[in-house]
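Visitor: Below is the structure, and that's it, no one-letter string:
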């Protein structure tokens, strides 16, 4: 960049000098100086423009890379005064397409599942994290990308469980269970679990029983986890 500026200044000086050259100089040499200065000036301007264009493009790329994701949600599970875990969840406002799901009994089960059905994947994972946290589990969220189909790793009484959270609108099949089972091996947990707002078909149920996979369907959520 500095070199381009020096070349521009030199070319301007050359053009100005053209008008002050001694009369003893041959006209040919004068025009050679003028032409050379003009060429240097044009090339310098082009180089400067290209440099600024590339710098501006790189700046936009860097800004895009460091812009924080708006769908990241903060979740912490801490022990309260009575020893029970307290889950703190921070939701970005623009992501809340549903109203709310009350963790107590002030909201009917039907209304809760109606709101759950409106959740996106991330919101459902966070909701499941809250359920497990309120039921005495230590909860860790796995990475959003490349998480081996495991969304949560929970722990209670020394037992770790890899959890896949599936918010669906159909019966879940073996194809939904297998990836979570495979992912549990990556996280080296004691057990594997799939939790869903729906139900599992017979094949998925048989497969889970034969591979020691815990299935938590709509009924089990209501019975064992909702408060």
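Guide: Now that the structure is in, tell me what you want to look at. Worth saying up front: this structure is predicted, and the values here are computed from it rather than measured. Numbering: from 1, shown residues only.
Visitor: surely residue 189 meets residue 160?
Guide: Yes - using C-beta atoms under 8 Å, residue 189 is in contact with residue 160, at 4.2 Å. All C-beta atoms are positioned from the backbone trio N, CA, C, and that covers glycine.
Visitor: who touches both of these two?
Guide: residue 153 (C-beta atoms under 8 Å, 6 or more residues apart in numbering).
Visitor: and after the least confident helix or strand in the chain by mean pLDDT, which helix or strand comes next?
Guide: Within the chain, confidence by mean pLDDT, DSSP states H and E is lowest for strand 85-90 among all helices and strands, at a mean of 49. Remark: after strand 85-90, the chain's next helix or strand is helix 109-116, criterion DSSP states H and E.
Visitor: Now do the buried residues in that next one.
Guide: 112-113, 115-116 (16 or more other C-beta atoms under 10 Å).
Visitor: Residue 194 pairs with what?
Guide: As for beta bridges, residue 194 partners with residue 164, residue 215 under DSSP bridges.
Visitor: residues in contact with it?
Guide: Per C-beta under 8 Å, 6+ apart, neighbours of residue 194: 163-164, 166, 172, 176-177, 180, 200, 208, 213-216.
Visitor: gap between residue 223 and residue 216?
Guide: 10 Å (C-beta to C-beta, to the nearest Å).
Visitor: higher neighbour count, these two?
Guide: A count of neighbours by other C-beta atoms under 10 Å puts residue 216 above the other of residue 223 and residue 216, at 19 against 10.
Visitor: Give me the spatial nearest neighbour of that one, chain neighbours excluded.
Guide: residue 195 (4.1 Å; C-beta to C-beta, 6 or more residues apart in numbering).
Visitor: For that neighbour, give me the pLDDT.
Guide: Looking at residue 195, its pLDDT stands at 97.
Visitor: Number of residues surrounding it?
Guide: Using other C-beta under 10 Å, residue 195 is surrounded by 26 other residues.
Visitor: so who does it touch?
Guide: Counted by C-beta under 8 Å, 6+ apart, residue 195 has contacts 128, 163-166, 216, 221.
Visitor: Max pairwise distance over the residues you listed: which two?
Guide: Farthest pair in those (C-beta to C-beta) is 164 and 221. Separation: 14.2 Å.
Visitor: where in this protein is pLDDT low?
Guide: Low-confidence segments of the chain (pLDDT under 70): 1-106, 227.
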